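Novice: A predicted structure for the sequence below; I have some questions about it.
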Amino acid sequence: MSESTPTTTVAEERTVSGVSIRLEGVTKRYPGQDVPAVDTVDLDIPAGQTVMFVGPSGCGKTTLLKMLNRLIEPSGGKIFLGDEDVTGQDPDTLRRRIGYVIQAGGLFPHMTVGTNIGLVPGMLGWDKKRIAERTDELLDLVGLDPDVYRDRYPKELSGGQQQRVGVARALAADPPVLLMDEPFGAVDPITRQRLQDELLRIQEELGKTIVFVTHDFDEAVKLGDKIVVFDVGARVVQYDTPEAILAEPAEDYVADFVGAGATLKQLTLARVSDTELHTPVTATVGEASAAVVARAEEAGERYVVVVDGRGRPVSWPSVAELSRTTSVPGGRDERLPVVGLRSTLNDALDAMLAASQGGVVVTGRRDTVAGVLVVEQVMAAIQSTRSEVRG
Ligand SMILES: Nc1ncnc2c1ncn2[C@@H]1O[C@H](COP(=O)(O)OP(=O)(O)OP(=O)(O)O)[C@@H](O)[C@H]1O
């Protein structure tokens, strides 16, 4: 079996279905340009890892990314998927092995969500039943209820939902490689953070090789197994783990790029799941309020997390508020601050600030309540990070 055939293996308890990518002397010279946009780049991207491309505007990140699926033809050099030299491969064949996600999902507006997702499998000649099953499976994977969304048109979705469908479409034929060009650039910060969390979850499950261009260094730190910092001509200035780049920027240039808030950026490395969460008293919608109030008082809690029939949080009222009701109300608090276990402490702090609340509800599997995190815990983490960095 050639290395470029996607295989599912478990390496260090991590699923890997991706293949490695190797660039040898890859160059792009646009017509009429004196200097190449991408100048003899060598790069090894390991199978199953997420590698983030960062660098100043115009340094050649997108050109390099698009040469990987040959939306742009290289002027020189070689590109390998696994051991296979794909430099001369027919671009259409190549693109079926490489999923591609762009800003706003890049969905076809005149096609339903289902048709958008089924495009590549359709081209590969899958039968209708298999395409329909795959479409529903992918909608589920990206957190959209197939019955609600498969027949909608892109304009009937929010920006974040369109982006989820874009990811589903890119994954449709189970390609080993996923290229993502600033996919979350156009959505609001809270949606962006949720999409990042979803991507981390999906990647944990699938282990694709992901190459991801971003302008947001925090995003690179949060999502990347490794980060490539480029300078003009796609010169690789540093290629390392987020931890190593934050701790020891290779050149002044990288230090400037990482920015003055490097200490605080360490918060982007700390996950909510690494923090000891508080277990709140929960109540189900419709339950007798008196029983819930008694439970909360016995536990010494002033707040109760209300969950729906599937254990997902809907509101976070005080015991005093609940004691004025007979049964637990079901109204969803649209401003309820919620983050996932894969969120960073930075995300948790943002969610608290956005909701003007001193805590967040943390959700885990299937969006059910995993615990709560309060601002004091985040502050304590900042303090300890600061003292660690100072040594
Ligand atoms: N089709 C083109 N023809 C000529 N020059 C181009 C073309 N596309 C890009 N360039 C130039 O090549 C260089 C690299 O562009 P590229 O879009 O790859 O950079 P980037 O790092 O992705 O930038 P940004 O972060 O702003 O998206 C830039 O100087 C750009 O002006």
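Specialist: Nice, I can see it. Note that this is a predicted model, so its numbers are computed, not measured.
Novice: can you give me the helices for the stretch 51-200 of the chain?
Specialist: Assigned by DSSP state H, counting those that start in this stretch, the helices in the stretch 51-200 of the chain fall at 61-68, 91-95, 113-123, 128-141, 146-149, 159-171, 189-206.
Novice: List the buried residues in the shortest one.
Specialist: It refers to helix 146-149. Judged by neighbour count (16 or more other Cβ atoms under 10 Å), helix 146-149 contains these buried residues: 146, 149. For glycine as for every other residue, the C-beta is placed from the backbone atoms N, C-alpha and C.
Novice: Adjust the sequence numbering to begin at 29 for everything that follows.
Specialist: Taking 29 as the first residue, the last one we looked at is helix 174-177.
Novice: about what we covered before: of all the helices of the stretch 79-228 of the chain, which one is nearest the ligand?
Specialist: helix 89-96 (3.2 Å; Cβ to the nearest ligand atom).
Novice: about what we covered before: got the helices of the stretch 79-228 of the chain as CSV, with distance to the ligand and mean pLDDT columns?
Specialist: Listed next are those as CSV, based on distance: least, Cβ to the nearest ligand atom, whole Å; pLDDT from 0 to 100:
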stretch, distance to the ligand, mean pLDDT
helix 89-96, 3, 95
helix 119-123, 17, 87
helix 141-151, 25, 91
helix 156-169, 28, 92
helix 174-177, 30, 94
helix 187-199, 18, 90
helix 217-234, 17, 86
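Novice: Out of these, indicate the one that is most buried.
Specialist: Of all the helices of the stretch 79-228 of the chain, helix 187-199 has the most neighbours on average by mean count of other Cβ atoms under 10 Å, namely a mean of 24.
Novice: Quick one: list the elements packing against that helix.
Specialist: Helices and strands touching helix 187-199, by 3 or more Cβ pairs under 8 Å, 6 or more residues apart in numbering; DSSP states H and E, are strand 126-130, helix 141-151, helix 156-169, helix 217-234.
Novice: tilt between the second one and helix 187-199?
Specialist: Think helix 141-151. Angle of helix 141-151 versus helix 187-199, following axes from the mean of the first three to the mean of the last three Cα atoms, to 10 degrees, is 10 degrees.
Novice: Equivalent analysis for the first one, please.
Specialist: On the basis of the same axes, to 10 degrees, strand 126-130 is oriented at 160 degrees to helix 187-199.
Novice: And the chain, split by domain according to the record?
Specialist: 37-289, 301-415 (automatic domain parsing).
Novice: returning to what we had before: format the helices of the stretch 79-228 of the chain as TSV; extra columns: distance to residue 257.
Specialist: Output for these, formatted as TSV (distance: least, Cβ to Cβ, whole Å):
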stretch	distance to residue 257
helix 89-96	10
helix 119-123	27
helix 141-151	32
helix 156-169	31
helix 174-177	38
helix 187-199	25
helix 217-234	20
